[in-house]
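[1] just coords:
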DNA sequence: CTCCTTTGCGTACGGTGTATGTTATGAAGC
DNA sequence: GCTTCATAACATACACCGTACGCAAAGGAG
């Protein structure tokens, strides 16, 4: 009626718990992620999880770290622009696979080891390309801001991908007070809802704008990569 | 023993409830925001709130909308670059006053009216400056991505503003495995933790990089502001 | 005065995270 | 093989959450 430790592969592990939680959040959303639901998925009682994870916060930390591990880590020494471009694209793909992670990132105060490893790779890529410490700081901040900020917008879009948004959007706009929001109206009806417009495409446009700006700064930088 | 309707100013209103919820989240964090705590602050039972707000989600929607109302709304027709710069700076200030709002934005699927008004002002400012519809879309996406993304980073920084982070950071770094994360180590110890470095300053650097890039695109654009 | 709508109240239910105490197990020392 | 023991899984319990539901009392309309 009580403690029945598993043997071998059946034993719980921290990684196994985190992995199950990630799967569950992917499938059913972060709202349905509870210690109970994770435990049920693993065929275990809720309290057993606490032998491997201090509390739910730590579990969430682990989940975010697991997502970071999916980002492509840029290679220091390789061509910085294409490396960081690929890094941003794969990060976006990973965050679209795990949309709950974006909303989780802001409340995580403890960066995991995979997260630090990834940051190290990004910083290294910039430094080896000749970015000064100061410019590395600028680049790191603006690149990540664009990544996270874009996904924050993308993930919170109010429609499903497969939906006919033209009709839905038109109705939404029509429901607004007459004659107000003229610019928003024009932009939405005559651009954003037109066939062929995909908000997701704006990611690469913005990314290239940022990379172009950084390249200019790098070129204008006095030689030598010290601070 | 039961329903005792208030008179005049004592009556509950939707705005009053949203305002109390904002105050409470500012003071004690989003985690401590419950229908019960909001009700207690207003001297009312939890269920009374449901006469003015459909559910907690709608209350959260209202809170986000209230924060948007604090952003400076850029004036269409005025000089676009300074208008949008000021807009970004005030938005950052507002989001620092209400740090919970950043994490809330991603799960809000229903934009409130104040939010739409603000978007209309931003889009109008771009359009009147001669941005085509396509370029307006680019600008809108990249500007908001930088704003939200930067605040996502800033809000989740693991230390309080007044703290001596040099000591704390040095200890944190020293706790890492020897010889690993060389770039991260160097960057942190020799730049980010140095006196005078303030991560918040990176916001304006990135903002100006983005605005500069958009100005280039605007200049390169064929004349006439149609799509 | 009467009626009705509005609005706040009380109770109750099923869910949550987790503190606490108990028990069964597999590995270690003899 | 037997004993010992730390560990991991279990069971119970608690405080709190969002909110469905029904009821009561005040204010406005006729």
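    In hand now; what should we look at? In this text, all values refer to a predicted model and were calculated from it rather than measured experimentally. Numbers count the residues shown, from 1 in each chain, chains lettered A, B, ... in the order given.

[2] rest of the way, CA atoms for contacts and neighbours
    Fine.

[3] and the helices in chain A?
    Using DSSP state H, the helices of chain A run over A:14-28, A:35-41, A:56-68, A:80-97, A:100-105, A:113-128, A:133-155, A:165-174, A:182-187, A:202-220.

[4] for the first one, buried residues please.
    Buried positions in helix A:14-28, judged by neighbour count with 16 or more other Cα atoms under 10 Å in any protein chain shown: A:17, A:18, A:19, A:20, A:21, A:22, A:23, A:24, A:25, A:26.

[5] what's the burial count for residue A:177?
    8 (other Cα atoms under 10 Å in any protein chain shown).

[6] next, count neighbours for whatever residue of chain A ends up closest to DNA strand C.
    Nearest to DNA strand C, among the residues of chain A, is residue A:34, at 3.1 Å (Cα to the nearest atom of the strand). When counting by other Cα under 10 Å, one arrives at 15 neighbours for residue A:34.

[7] which ones are touching it?
    By Cα atoms under 8 Å, 6 or more residues apart in numbering or on different chains, residue A:34 lies in contact with nothing.

[8] ok so, going back, in TSV, list the helices of chain A along with mean pLDDT and distance to chain B.
    Converted to TSV, those look like this (pLDDT from 0 to 100; distance: least, Cα to the nearest Cα, whole Å):
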stretch	mean pLDDT	distance to chain B
helix A:14-28	92	14
helix A:35-41	91	17
helix A:56-68	93	12
helix A:80-97	97	13
helix A:100-105	90	6
helix A:113-128	96	5
helix A:133-155	97	3
helix A:165-174	74	11
helix A:182-187	94	5
helix A:202-220	98	5
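
[9] circling back to that earlier point, quick one: which of the buried residues of helix A:14-28 is nearest DNA strand D?
    residue A:17 (10.0 Å).

[10] hmm, residue A:38 and the closest one touching each other?
    Yes: contact criterion Cα atoms under 8 Å: residue A:17 and residue A:38 qualify, at 7.4 Å.

[11] which one of the helices of chain A is the most hemmed in?
    When these are scored by mean count of other Cα atoms under 10 Å in any protein chain shown, the highest mean neighbour count falls to helix A:133-155 (a mean of 23).

[12] pull the distance from it to the chain's centre.
    11 Å (Cα atoms, centre = their mean, to the nearest Å).

[13] quick one, domains of chain A?
    Annotated domains of chain A cover A:11-53, A:62-156+A:206-227, A:159-196 [automatic domain parsing].

[14] in chain A, which residue is most central in space?
    residue A:95 (3.7 Å; Cα atoms, centre = their mean).

[15] wouldn't that one be in contact with residue A:102 here?
    Yes: the pair residue A:95 / residue A:102 is scored as a contact, 6.8 Å apart, by Cα under 8 Å.

[16] pull up the overlap in contacts between these two.
    Common neighbours of residue A:95 and residue A:102 (Cα under 8 Å, 6+ apart) are residue A:151.

[17] quick revisit: which one of the domains of chain A lies nearest to DNA strand D?
    Closest to DNA strand D of those is domain A:11-53 (Cα to the nearest atom of the strand; 3.7 Å).

[18] do that closest one and DNA strand D come into contact?
    Yes: Domain A:11-53 reaches DNA strand D (Cα under 7 Å from any atom of the strand) through A:11, A:12, A:43, A:44, A:45, A:46, A:47, A:48, A:49, A:51, A:52.

[19] filter these down to the ones in strands?
    Mapping these onto strands (DSSP state E) picks out no residues; all lie outside.

[20] any of these buried? List them.
    The buried subset of the residues of domain A:11-53 next to DNA strand D - by 16+ other Cα under 10 Å - is A:12, A:49, A:52.

[21] how about the second one, nearest residue that isn't a chain neighbour?
    The reference is to residue A:49. Distances taken as Cα to Cα, 6 or more residues apart in numbering or on different chains place residue A:39 nearest to residue A:49, at 6.9 Å, with adjacent residues excluded.

[22] now do the contacts for that neighbour.
    Contact analysis of residue A:39 by Cα under 8 Å, 6+ apart lists A:45, A:46, A:48, A:49.

[23] who touches the closest residue to residue A:99 other than its chain neighbours in this structure?
    Residue nearest to residue A:99 in three dimensions, not counting chain neighbours: residue A:155, with 6.3 Å by Cα to Cα, 6+ apart. Residue A:155 makes contacts with A:96, A:99, B:106, as judged by Cα under 8 Å, 6+ apart.

[24] wait, residue A:129 sits on residue A:79?
    Yes: the pair residue A:129 / residue A:79 is scored as a contact, 7.4 Å apart, by Cα under 8 Å.

[25] could you report the distance from the closest residue in space to residue A:100 that isn't next to it in sequence to chain B?
    Leaving aside its chain neighbours, residue A:100 sits nearest to residue A:30 (5.9 Å; criterion: Cα to Cα, 6+ apart). As judged by Cα to the nearest Cα, to the nearest Å, residue A:30 and chain B stand 10 Å apart.

[26] residue A:30: how many residues sit nearby?
    Counted with other Cα under 10 Å, residue A:30 comes out at 18.

[27] cool, and residue A:193?
    Residues near residue A:193, counting by other Cα under 10 Å: 19.

[28] ok, now how distant is it from chain B?
    12 Å.

[29] per-residue confidence for that residue?
    pLDDT, residue A:193: 90.

[30] from memory it sits against residue A:169, does it?
    Yes: counting by Cα under 8 Å, residue A:169 is a contact partner of residue A:193 at 7.1 Å.

[31] now the common contact residues for these two.
    Counting by Cα under 8 Å, 6+ apart, nothing touches both residue A:193 and residue A:169.

[32] ok, now which ones touch residue A:66?
    Taking Cα under 8 Å, 6+ apart as the test, what residue A:66 contacts is A:18, A:114.

[33] next one: it relative to residue B:176, how far apart?
    19 Å (Cα to Cα, to the nearest Å).

[34] same question, residue A:181
    From residue A:181 over to residue B:176 the distance is 53 Å, taken as Cα to Cα.

[35] these two: which has the busier surroundings?
    Taking neighbours as other Cα under 10 Å, residue A:181 and residue B:176 compare with residue A:181 leading, 20 against 13.

[36] can you list the residues that contact stretch A:109-127?
    Residues contacting stretch A:109-127 (Cα under 8 Å, 6+ apart): A:61-62, A:65-66, A:68-69, A:71, A:73-78, A:80, A:83-84, A:133, A:136, A:140, A:225, B:156-158, B:181-184, B:187.
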